[in-house]
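**Q** Provided below for reference: sequence and predicted model.
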Amino acid sequence: MENRPLEYDYTVAKMFMLTTVLLGAVGMLIGVILATELAFPGVNTILGGLGLNEFTNFSRLRPLHTDAVVFGFTLSGIWATWYYVGQRVLKVSMAESKVLMFLGKLHFFLYLLVVVAVVGSLFLGITTSKEYAEFEWPIDIAVVLVWVLWGLGIFGLIGIRRERSLYISVWYYIASFLGIAMLYLFNNMEIPTMLAASPAGETGIGAWYHSISMYSGTNDALVQWWYGHNAVAFGFTVPIVAMIYYFLPKESGQAVYSYKLSLLSFWGLMFVYLWAGGHHLLFSTVPDWMQTMGSVFSVVLILPSWGSAINMLLTMKGEWQQVATSPLIKFMVLGSTFYMFSTLEGPIQAIKSVNAIAHFTDWIVGHVHDGVLGWVGFMIMAALFHMAPRVFKKEIYSKSLMGTQFWIQTLGIVLYFTSMWIAGITQGMMWRAHDEYGNLAYSFIDTVTALHPYYTIRAVGGALYLIGFFMFAYNIYKTMTSGRRVEESELQNASPMAA
Amino acid sequence: MFHWLEKHPFFFAVGVFLVIAFAGLVEILPNFAQAAQPTVGTKPYTVLEMAGREVYIKNSCNACHSQLIRPFKAETDRYGHYSLSGEYAYDRPFLWGSKRTGPDLHRVGNYRTTDWHENHMKDPAAVVPGSIMPAYGWMFTNIADINTAYASQLTNAQFFSVPYNKPVPTKDGGTVTVAMANSVAEANKMALDEAKVITAGMKDKDVQDMVAAGKIPEIVALIAYLNSLK
């Protein structure tokens, strides 16, 4: 083994960094447009003069927003960090294997192709309607290929590793890969309708890309939310935990607080998470025992979730002054805190009596967003901020811009979730209110108009976060293009596993 | 054991997979067959209703409207009888939704009419003052895809044994048969016949003219579907 540090090859990491920033901006921009449409419905027809109402409409844009941030921003972020972290903890460079380098690039370009297909098809209204699984079968096949390419990349790199023991982050990346693979395959089982033949012998009838689900009704719902919930698990939790286990210790120069706690929370999370999907279906037509299981396991889930979060926070033990001095540490520590917050809020909403009020309301939307804006968004941006100087060998353009961004976005998140709490609980209570004669106290529209102020506040909160994201994009761009060169050895350099 | 797993990626991956796959098997499989049984009175969709369902999906109506009435007094007062598992037996995909920005639609056919939907889809705020639902003007000019709806019907019948052209029991003890066409041409004719019944209840002259000329705008199919939700 050589003694000098390895030169890692970040070609593929850079590519995914680009799509992280680009698709993040697009997805969040659509989000702000949607929020504005709910507060001011006139915005739906803003391009009506051009005859484009169909394409700026809330319902058409909504899946684009969710998919752009889930499969665009977050996945790109996960892959950008994998192609960076993977090499460094396995102590092997992508440049050492032409095959892996080729697979990595293929992974990126095929992914780009899928992104284009998804954007086009969703604008046209080509969708299966299943949330976060809207893609029709041809795209599904491409998605599976992209996923297999990533899998080959992971296990290929592991195959030629120099470091025998897999670092904690790698556990989480592997779990992410396996989890999504299983979930995506089973939830997207569908029959292309062109396969059917009419009694008159005609085949290939109708749109070739159209399909229907292999499951019907209640079963379809059950599989969908087993998927939907755990896509959150293996897309928004597991790989983000992978990031924080690498980047927080690395950036702060501290060793991970407890190895045993990381073991407990990893295996605990793996076992418990999958059971909790049933909490999306409380009081629905799926069997009661499944609903109860979903509810109970959601509460149990607090343990492994908080295990990781506490492990991360305690990693900062004795070094808390860094939170004050480093904006990057701020992002990660607040991210970790939002993770704790979100994983406490979720189980509360999964308690049956609370869910009776919360389900179908904006409180759920608020819950999703304190998780994704505060935890996923902050962690991915922090990861990219940490990577940028090492990947581009340039100093970060502006630390003070980073600090300003942090506070603007934090304010945005607070406005977002507080307004959605109030909106959700208000509407949930109004739906169920009866007057003294036992009649419904409010018509449905009363419960909609009551939300206008909160929808407006939410749009402002979202816009603040978006502004912060543009500051992030600008900062990264200027870092890339500015002339202040810096070598890795000059940067803070520490565990995990040094170099 | 954990130290050993960390040095053996293959066994590590197998271990992770077993741990995560376990829950799905235990939760999803036991009631799978039972949950797929239709209730008495549940019928397969006609070709125009199926086309309307696809318009509903195309425009992500399910992003804002649920089709799931929970067993609470406030919900049964507002929307009707709570939803039963078997009522969804012919729904591929399911359309329960996860957010009620607008009201539930699972039994909207019981209390809204063709006329109401026509006015409402053109200008929701004119029918329900304060509504934040956008207008869906393009549905009055876009042509519904009957061929794909027919292909969906065929797929349902051939892959999932959905009982088209077979008597299905009704709530009053009788039976009803939902016919499915034998060819694409016949499917289009059947859809047109259904569409004429719908347009008889509509005021829009252009829509009526289009149907008279043999073309079915999306709005007609959508209303047929919404009327079938009972």
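**A** Cool, the structure landed.
**Q** find the residue closest to the residue nearest the centre of chain B in space, skipping its chain neighbours.
**A** Closest residue to the average C-alpha location of chain B: residue B:53 at 4.7 Å, with CA atoms, centre = their mean. Nearest non-adjacent residue to residue B:53, counting by CB to CB, 6 or more residues apart in numbering or on different chains: residue B:225, 4.9 Å away. For the C-beta atoms, the positions are set from N, CA and C on the backbone; glycine is no exception.
**Q** looking at this, the one you found is in a helix?
**A** Yes: applying DSSP: H, G, I helix; E, B strand; the rest coil, one finds residue B:225 inside a helix.
**Q** tell me, how many neighbours does it end up with?
**A** Neighbour count of residue B:225, defined by other CB atoms under 10 Å in any protein chain shown: 25.
**Q** same thing with residue B:3?
**A** 9.
**Q** residue B:215: helix or strand, and which one exactly?
**A** If you go by DSSP states H and E, residue B:215 is not part of any helix or strand.
**Q** is the helix or strand of chain B with the lowest mean pLDDT in proximity to chain A?
**A** Lowest by mean pLDDT, DSSP states H and E among the helices and strands of chain B is helix B:32-35, with a mean of 75. Yes: Helix B:32-35 is in contact with chain A by CB under 8 Å from any CB of the partner chain, via B:32, B:35.
**Q** elements contacting the helix or strand harbouring residue A:83?
**A** Counting by DSSP H and E, the element that carries residue A:83 is helix A:75-90. Other elements packing on helix A:75-90 under the criterion 3 or more CB pairs under 8 Å, 6 or more residues apart in numbering or on different chains; DSSP states H and E are helix A:11-39, helix A:98-123, helix A:137-159, helix A:168-187, helix A:238-252, helix A:378-392.
**Q** quick one, what contacts the residue in chain A that chain B sits nearest to?
**A** For chain A, the residue closest to chain B is residue A:217, as judged by CB to the nearest CB, at 2.6 Å. Going by CB atoms under 8 Å, 6 or more residues apart in numbering or on different chains, residue A:217 touches A:285, B:35, B:36, B:85, B:86, B:87, B:88, B:89, B:90, B:91, B:92, B:94.
**Q** quick check: closest non-adjacent residue to it.
**A** residue B:88 (2.6 Å).
**Q** mind listing what the one you found touches?
**A** A:216, A:217, A:218, A:220, A:221, A:285, B:94.
**Q** hmm, back to that, quick one, the helix holding residue A:83 and helix A:238-252 angle?
**A** Counting by axes from the mean of the first three to the mean of the last three CA atoms, to 10 degrees, helix A:75-90 lies at 60 degrees to helix A:238-252.
**Q** residue of chain B closest to chain A, please.
**A** residue B:88 (2.6 Å).
**Q** look up how far residue B:27 lies from that residue.
**A** To residue B:27, residue B:88 is 18 Å away according to CB to CB, to the nearest Å.
**Q** pretty sure residue B:9 contacts residue A:174?
**A** Yes: Residue B:9 is within contact range of residue A:174, at 7.3 Å (criterion: CB atoms under 8 Å).
**Q** what about residue A:268, how many residues nearby?
**A** That count, for residue A:268 with other CB under 10 Å as the rule, works out to 18.
**Q** and what of the one 5 residues further on?
**A** By other CB under 10 Å, 27 other residues sit near residue A:273.
**Q** so what's it closest to, chain neighbours aside?
**A** residue A:233 (4.3 Å).
**Q** list the contacts of that neighbour.
**A** Contacts of residue A:233 (CB under 8 Å, 6+ apart): A:179, A:269, A:273, A:274.
**Q** include secondary structure and pLDDT when you put these into JSON lines, please.
**A** Shown next, in JSON lines, are the contacts of residue A:233 (DSSP: H, G, I helix; E, B strand; the rest coil; pLDDT from 0 to 100):
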{"residue": "A:179", "secondary structure": "helix", "pLDDT": "94"}
{"residue": "A:269", "secondary structure": "helix", "pLDDT": "93"}
{"residue": "A:273", "secondary structure": "helix", "pLDDT": "90"}
{"residue": "A:274", "secondary structure": "helix", "pLDDT": "88"}
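**Q** residues in the stretch 301-450 of chain A within reach of chain B, list them.
**A** A:356, A:359-362, A:364-365, A:431-434, A:439-440, A:444-445, A:448-449.
**Q** for ChimeraX, what selects the buried ones among these?
**A** Here is the ChimeraX selection string for the buried members of those, based on 16 or more other CB atoms under 10 Å in any protein chain shown:
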select /A:356,359,360,361,362,364,365,431,432,440,444,445,448
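**Q** restricted to helices, list the residues of the stretch 301-450 of chain A next to chain B.
**A** Taking DSSP state H, the ones among those that sit in helices are A:356, A:362, A:364, A:365, A:431, A:432, A:444, A:445, A:448, A:449.
**Q** where does the last one land on pLDDT?
**A** Predicted confidence (pLDDT) at residue A:449: the value is 96.
**Q** against residue A:427, how distant is it?
**A** Using CB to CB, residue A:449 is found at 11 Å from residue A:427.
**Q** wait, residue B:128 touches residue A:445, no?
**A** Yes: in this structure, residue B:128 is within contact of residue A:445 by CB under 8 Å, at 5.3 Å.
**Q** off-centre distance for the helix holding residue A:83?
**A** Here the centre of helix A:75-90 is set off from its chain's centre by 15 Å, with CA atoms, centre = their mean, to the nearest Å.
**Q** report the buried residues of the longest helix along chain B.
**A** The longest helix of chain B (DSSP H) is helix B:9-28. Across helix B:9-28, burial judged by 16+ other CB under 10 Å covers B:9, B:12, B:13, B:15, B:16, B:17, B:19, B:20, B:23, B:24, B:27, B:28.
**Q** correct me, but residue B:90 touches residue B:162?
**A** Yes: between residue B:90 and residue B:162 there is a contact under CB under 8 Å: 5.6 Å.
**Q** quickly list what's touching both of the two.
**A** What both residue B:90 and residue B:162 touch, as defined by CB under 8 Å, 6+ apart, is the set B:44, B:156.
**Q** return the list of helices and strands in contact with the least confident helix or strand of chain B.
**A** Partner elements for helix B:32-35 (3+ CB pairs under 8 Å, 6+ apart): helix A:217-232.
**Q** what is the rounded mean pLDDT of the helix it packs on?
**A** On average, helix A:217-232 scores 91.
**Q** how far does that helix sit from its chain's centre?
**A** For helix A:217-232, the distance to the chain centre is 17 Å (CA atoms, centre = their mean).
**Q** quick check: angle from it to helix A:238-252?
**A** Going by the same axes, to 10 degrees, helix A:217-232 makes 10 degrees with helix A:238-252.
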